[in-house]
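K.L.:
Quick one: sequence plus predicted model below, questions after.
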Amino acid sequence: MGVDLVIYCKKKDLKKLLNVGEGFVTWFKFDFLINNFCGIRWYRFKEMFNLETNDPITSKDLITHIAVHGCNFKNRREFVSILMEYDLLFAPDTASVEGDWIDLFYFWHFIKAFVTKNFDQIFEEFQKEADMLCDGA
C-alpha cells in the first residue's frame, strides 16, 4: 500500500470553503479540491509540485514554492486562488496532524454517508419545497 495525500482545512475556513451562510451555496472550490486531489498518492503530489520533503506543507508555503520553482500544471490559476484564500494543509496520510484541522476527504465521505442515510427525509423536504413552488406559479 502507498501513502495517500490528505488535504486539511482549518475549521474556521470550512464554512467559507463550502460557501455556507453566504446566500447561494456553491461548492466549486471544495469540489475542485476533491475532484483533483482525492485519491492521489503523496509521491504524485510531490512530483506535481517538485517537492523534496515528506513534511506537511501549508497553503501559504505551497504558494511560495509554486512561485519560486515556476511549477506549471493544469488549473494552476484556480488552485493558486484557493491556496491564497484558505488555510489548508497538504500532508501524507502517515503524518500526525494536530489542532483545528478538518480532513476534507473524510468530511466529503461523511457528507455522502449522511445524505445516503437521510435520503428519504431529504427527498421528502425537497418534494414539499417543489410542490410549494409549483402551487405558487
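P.N.:
Yep, it's here. Residues are numbered from 1 along each chain as shown.
K.L.:
When you work out contacts or count neighbours from here on, use the C-alpha atoms and nothing else.
P.N.:
Fine.
K.L.:
chain center to the helix or strand Phe123 falls within: distance?
P.N.:
Assigned by DSSP states H and E, Phe123 belongs to helix 119-136. Here the centre of helix 119-136 is set off from its chain's centre by 29 Å, with Cα atoms, centre = their mean, to the nearest Å.
K.L.:
quick one: average confidence on that helix?
P.N.:
Taken as a whole, helix 119-136 carries a mean pLDDT of 84.
K.L.:
again, but for stretch 79-88
P.N.:
Here the average pLDDT along stretch 79-88 is 95.
K.L.:
Which residues does it contact?
P.N.:
7-10, 13, 17, 29, 58-60, 62-63 (Cα atoms under 8 Å, 6 or more residues apart in numbering).
K.L.:
Equivalent analysis for stretch 18-33, please.
P.N.:
So stretch 18-33 is in contact with 15, 17, 82, going by Cα under 8 Å, 6+ apart.
K.L.:
Buried by neighbour count: which residues of the helix or strand containing the last one qualify?
P.N.:
This points to Ile82. Per DSSP H and E: Ile82 is located in helix 76-85. Buried residues in helix 76-85, counted by 16 or more other Cα atoms under 10 Å: 79-80, 82-83.
K.L.:
What segments of the protein are strands?
P.N.:
Ranges of strands in the chain, per DSSP state E, are 5-10, 57-58, 88-92, 101-103.
K.L.:
Ends of stretch 72-89, what's the gap?
P.N.:
End-to-end distance for stretch 72-89: 20 Å, by Cα to Cα, to the nearest Å.
K.L.:
can you pull the contacts of Asp93?
P.N.:
Here Asp93 is in contact with 3-6 (Cα under 8 Å, 6+ apart).
K.L.:
For Gly99, state which of the contacts of stretch 18-33 is nearest.
P.N.:
Nearest to Gly99 among the contacts of stretch 18-33, counting by Cα to Cα, is Lys15 at 17.2 Å.
K.L.:
Once you drop chain neighbours, what's closest to the closest one?
P.N.:
Using Cα to Cα, 6 or more residues apart in numbering and skipping residues adjacent in sequence, the residue nearest Lys15 is Gly21, 7.5 Å away.
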